[in-house]
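Student: pasting the sequence and the predicted coordinates here, then a few questions.
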Amino acid sequence: MASSFLSSSCCSSSLKRINAALSIPKLPPVRISAPKKIPTKEKIQGFTPGNKITIKNDVSITTLQEQNISLRSDSIATLEMYAILEAVVDRVEMHHNIGEQRDNWNTLLLNSINMITLTATTMAGVVATGAVNQGGSGLALNLASTLLFSAATGMLVLMNKMQPSQLVEEQRNATRLFKQLQSQIETQLALDSPTKDDVKDAMEKVLALDKAYPLPLLAGAMLEKFPKTLSPTVWWPRNSQNRARKQSKTEHNGWNEDLEMEMRDIVDVIKRKDREDYERLGNIVLKTNKVLAVAGPLLTGIAAISSAHGGSWAATMAAMAGALATSVNTLEHGAQVGMVFEMYRNCAGFFSLVEETIESTLNESDVEKRENGELLELKLGLQLGRSLSQVKELAKKSRYSQIEGVTIDEFASKIH
């Protein structure tokens, strides 16, 4: 009885549990995957501001920000370089136009002063011959010639002070050098994006050229026309570091011991022959110009005083002084002695620049920071009007002359 009771109770309870079970519909399976570890470093490929960014591993977010800043800095440097280029182009046109204007000054002043002097000399000569009476006609001619001689004296003093032919040569040199700088900037913009250092370097070159070839004729701004001795013109930034340009990689950056020795030998020839010769000739021209600049107004002044005294003898002196003054004035400004002096000074400056460039390059101990040696040798040959073989031959001659203790009989440059 007991066993049957237990069996029936177990069955009834089992039936109750089964009947009490809920029927739950099947749900679609849900896949939950754990998130992957976010990379701590990301790499940017093909980044362009405003475009989508593809991120890979190995570069941090900080690097992305640094690259963005670098891109902005490069673009600003490029804009600044274009602004400098515009200023350089404007200066080329400015110096060209002012050079033509001052060339006209030289021609007009020379012709005007000579005509005034010759007219006054003719009047004094007429008085000296006694062809007119000593009354009203002679007095009128004496007075007119005195005024003309006085006017010629004042104009000559002003013209000799300014030296228009020298001013013209300054503007020619400035135009050529600004065109050269313009070409350098255009080449740099075409080959590579400029940096802040490139912008600073270009700005220094522009300011150095402005200082070397000023435009104003005011006191203190105009270059000294009669210095004590010739000083080479300096149109490049002094004490500036020699910044290495990005170049194709070559072994030792194109430098070796033979090339360094060759450069030193070339510099020695330039110092002993070319620059020294131009400075010597420039000083001779400077002294000649000083004498002529004083003699012209002095002669017209003597003619004015003599003509004012009247009389046949005084008129004769006035005529002679007027004729000499015309000759001196024509020699000084017609032959453009001031222009010749400026030409010599500019050539001496060119050789100083070559020396300074080579010496500053050789003083740099790290050859990777220098300008490429083969490129510098090519530039030097072009500047001196020589082929590469002729440059090497000149260096050998210089070395032999130093060993034998004699002066080399050849100049470094064939075009200056």
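Tutor: Structure's in. What do you need? Residues are numbered from 1 along each chain as shown.

Student: which one is residue 344 nearest to, not counting chain neighbours?
Tutor: residue 282 (3.4 Å; C-beta to C-beta, 6 or more residues apart in numbering). No exception for glycine: its C-beta is placed from N, CA and C like everyone else's.

Student: now that neighbour: how far from residue 345?
Tutor: Separation of residue 282 from residue 345 (C-beta to C-beta, to the nearest Å): 6 Å.

Student: again with residue 363
Tutor: 26 Å.

Student: can you confirm residue 365 is in a strand?
Tutor: No. The assignment for residue 365, made by DSSP: H, G, I helix; E, B strand; the rest coil, is coil rather than a strand.

Student: per-residue confidence for it?
Tutor: Listed pLDDT for residue 365 reads 86.

Student: who's in contact with residue 116?
Tutor: Contacts for residue 116 (C-beta atoms under 8 Å, 6 or more residues apart in numbering) come out as 148, 151, 152, 155.

Student: among these, which are located in helices?
Tutor: 148, 151, 152, 155 (DSSP state H).

Student: quick one on the thing from earlier: overlap in contacts, residue 282 and residue 345.
Tutor: residue 230.

Student: quick check: of the contacts of residue 116, which lies closest to residue 87?
Tutor: Distance to residue 87, by C-beta to C-beta, is smallest for residue 155 among these, at 36.3 Å.

Student: tell me how far that closest one lies from residue 231.
Tutor: 29 Å.

Student: neighbour count winner among these two?
Tutor: Between residue 155 and residue 231, counted using other C-beta atoms under 10 Å, the more crowded position is residue 155 (18 against 14).

Student: doesn't residue 296 belong to a strand?
Tutor: No. Using three-state DSSP, the assignment for residue 296 is helix, not a strand.

Student: all the helices of the stretch 251-400 of the chain, residue numbers only.
Tutor: Taking DSSP state H, counting those that start in this stretch as the criterion, the stretch 251-400 of the chain carries its helices at 257-269, 276-309, 312-329, 337-363, 373-384, 388-404.

Student: right, and those - which one's nearest residue 78?
Tutor: Closest to residue 78 of those is helix 373-384 (C-beta to C-beta; 23.9 Å).

Student: hmm, who's touching the closest one?
Tutor: If you take C-beta under 8 Å, 6+ apart as the criterion, helix 373-384 is touched by 247, 250, 252-256, 259, 262-263, 266, 350, 354, 358, 361, 367, 370, 387-388, 390-391, 412-415.

Student: what residues of it count as buried?
Tutor: By 16 or more other C-beta atoms under 10 Å, the buried positions in helix 373-384 come out as 373, 376, 377, 380, 381, 383, 384.

Student: more neighbours: residue 363 and residue 345, which one.
Tutor: Counted by other C-beta under 10 Å, residue 363 and residue 345 do not tie: residue 345 has more neighbours, with 25 against 9.

Student: not counting its neighbours along the chain, what's nearest the more buried one?
Tutor: The shortest distance from residue 345 to any non-neighbouring residue, by C-beta to C-beta, 6+ apart, is to residue 233 (5.2 Å).

Student: is that neighbour in a helix, a strand, or coil?
Tutor: coil.
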